[in-house]
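1. Pasting the sequence and the predicted model now:
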Amino acid sequence: MAGPQWDLTFGTWEDAEAMVGAELGSFEGADEVTRADIRRRLETLALDCPLHYDEQVAKVHGYRGVVSPTAMLMTWSMPPYWRPGEARPVEGAAAYLPDYPAVHVPAPGDSLFVVRSETEYGEPVYPGDRISGVSRLQSMNRKRTAVGDGAFLVVETVYRNQDAAVVGTERVTYFRYTAQQPGQE
């Protein structure tokens with residue numbers, strides 16, 4: 001079975017460079033943060049940290065109540081894969097793949113992979129919060145590598161709660177490229 005097929009936006013490297021600083025997309029999580037979902041994540045990770053399930057312990061440590069594990073930030077911001085009234089997706093359809101902001105950068109190259117990802121966490125995420133995000137292209141750096149000619153694209157996504165407080169900032173570096181053919185140098 002083939003890997004995921006990204007719906008890449010094509011253009012020139014000049015088009016991509018012109019996008020530096022531009023918004024690539026915004027999104028809002030399908031649901032608010034819930035204690036039940038936090039509990040389910042704690043179970044799968046066997047994470048026994050009372051900040052995530054014991055209200056009193058969380059308050060003693062300066063929180064206003066139970067907090068979500070930071071690792072759940074992207075979970076809370078994911079839009080729904082499908083909504084009632086929409087056609088049912090078929091296996092491998094884009095509905096089952098996240099909409100990576102880097103695919104919206106108009107550039108040459110038919111391949112894309114993540115080189116680096118880092119996240120800084122801001123305000124705590126509490127049950128009842130609604131998380132959204134806005135992604136922007138921060139930089140582009142052309143480079144010929146062993147895999148092919150392309151560019152490193154740094155996409156920054158700022159996650160906020162319903163009160164506009166920053167709960168996280170994620171920076172992902174992608175390499176978009178045209179694969180080098182065997183024998184090419």
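-> On my side now, so go ahead.

2. domains of the chain?
-> Listed domain ranges for the chain are 13-32+79-179, 34-67 (source: automatic domain parsing).

3. Scan the helices and strands of this protein for the one with the lowest mean pLDDT.
-> In the chain, the helix or strand scored least confidently by mean pLDDT, DSSP states H and E is helix 73-77, which has a mean of 91.

4. which helices and strands does that one pack with?
-> strand 166-179 (3 or more CB pairs under 8 Å, 6 or more residues apart in numbering; DSSP states H and E). Glycine gets a C-beta too; all of them are placed from N, C-alpha and C.

5. Note down every partner strand of the strand it packs on and its orientation.
-> Sheet pairing of strand 166-179 (DSSP bridges) gives strand 111-121 (antiparallel), strand 148-160 (antiparallel).

6. now that strand: mean pLDDT?
-> On average, the pLDDT along strand 166-179 is 96.

7. Tell me how many other residues crowd residue 27.
-> 18 (other CB atoms under 10 Å).

8. same deal with residue 45?
-> Residue 45 has 12 nearby residues by other CB under 10 Å.

9. cool, residue 114 as well?
-> Residue 114 has 12 neighbours, counted by other CB under 10 Å.

10. Run through the residues that contact it.
-> By CB atoms under 8 Å, 6 or more residues apart in numbering, the contact set of residue 114 is 172-174.

11. what about 7 Å?
-> By CB atoms under 7 Å, 6 or more residues apart in numbering, residue 114 lies in contact with 172, 174.

12. Then residue 22?
-> Residues in contact with residue 22 (CB under 7 Å, 6+ apart) are 136-137.

13. Got the phi and psi for it?
-> phi -80, psi 150 (degrees, to the nearest 10).

14. Quickly note the distance from it to residue 141.
-> As judged by CB to CB, to the nearest Å, residue 22 and residue 141 stand 17 Å apart.

15. Residue 115 too?
-> 11 Å.

16. Now do the shared contacts for those two.
-> Taking CB under 7 Å, 6+ apart as the contact rule, residue 115 and residue 141 both touch residue 152.

17. quick one on the thing from earlier: which among the strands paired with strand 166-179 is found nearest to residue 30?
-> Ranking the strands paired with strand 166-179 by proximity to residue 30 (CB to CB) places strand 148-160 first, at 14.5 Å.
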